[in-house]
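[1] Pasted the sequence and its predicted model underneath.
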Amino acid sequence: MYTANVIHRSFSYGVRVQSALDPRLSIVFSGDTRPCPKLVRLGQVSADGTDVVLHEATFESDLQAEARKKQHSTTAEAVDVFEKMGARKLLLTHFSQRYPKLPKIERAMHPETIAVAFDLMAVPFRQFGELAKHAGAIRAVCSYQQQAVEQVDGAKND
């Protein structure tokens, strides 16, 4: 296991884990962070490259000022870190709980390699491509949930 200090609050780290069963398999977890060179280098440690990057994407790309202020990343910044690492798969996590919807993801160049995950979700590595294909269904569920929240908020204000 390897770690790197990341840009968030004190004592925040990114982690790279190599599989004990298959040393060629590696995963990088960003933790909460702004994009930073140390995290990119952490993903470039092995000659084989990183297989999966789990990167927080708390804010949509148009909220970059808020992301900077709160020391988090936008979806576009997480994609940029993934590309700089040269990793194979990107799993976006840690979305803002204030907006129960799937964030917009700039995935035009990576339609099969970028997916989203939520708390307590398990994603088998071999099924990663299948998860990426279900983004439309996940977006629909999150949109329905967003509408329900807005209805409750509207009723509270009446």
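    On my side now, so go ahead.
[2] where are the low-confidence patches of this protein?
    46-47, 96-111, 135, 139-158 (pLDDT under 70).
[3] Quick check: the residue nearest in space to the middle of it vs P23, distance?
    Taking CA atoms, centre = their mean, the centroid of the chain lies closest to L92, which sits 2.0 Å from it. According to CB to CB, to the nearest Å, L92 stands 26 Å off from P23. Bear in mind the C-beta positions are built from the backbone N, C-alpha and C, glycine included.
[4] Tell me how many other residues surround the closest residue to the residue nearest to the centre of the chain other than its chain neighbours.
    Counting by CB to CB, 6 or more residues apart in numbering, A57 is the residue found nearest to L92 once chain neighbours are left out, at 4.2 Å. Using other CB atoms under 10 Å, A57 has 26 other residues around it.
[5] same thing with M121?
    10.
[6] how about it, phi and psi?
    Main-chain dihedrals, M121, degrees, to the nearest 10: phi -90, psi 130.
[7] any idea how far it is from L131?
    For M121 relative to L131 (CB to CB), the value is 9 Å.
[8] Same question for T58.
    20 Å.
[9] Which of the two has more residues huddled nearby?
    T58 (24 against 18).
[10] just checking, the more buried one touches H94?
    Yes - if you go by CB atoms under 8 Å, T58 and H94 touch, sitting 5.6 Å apart.
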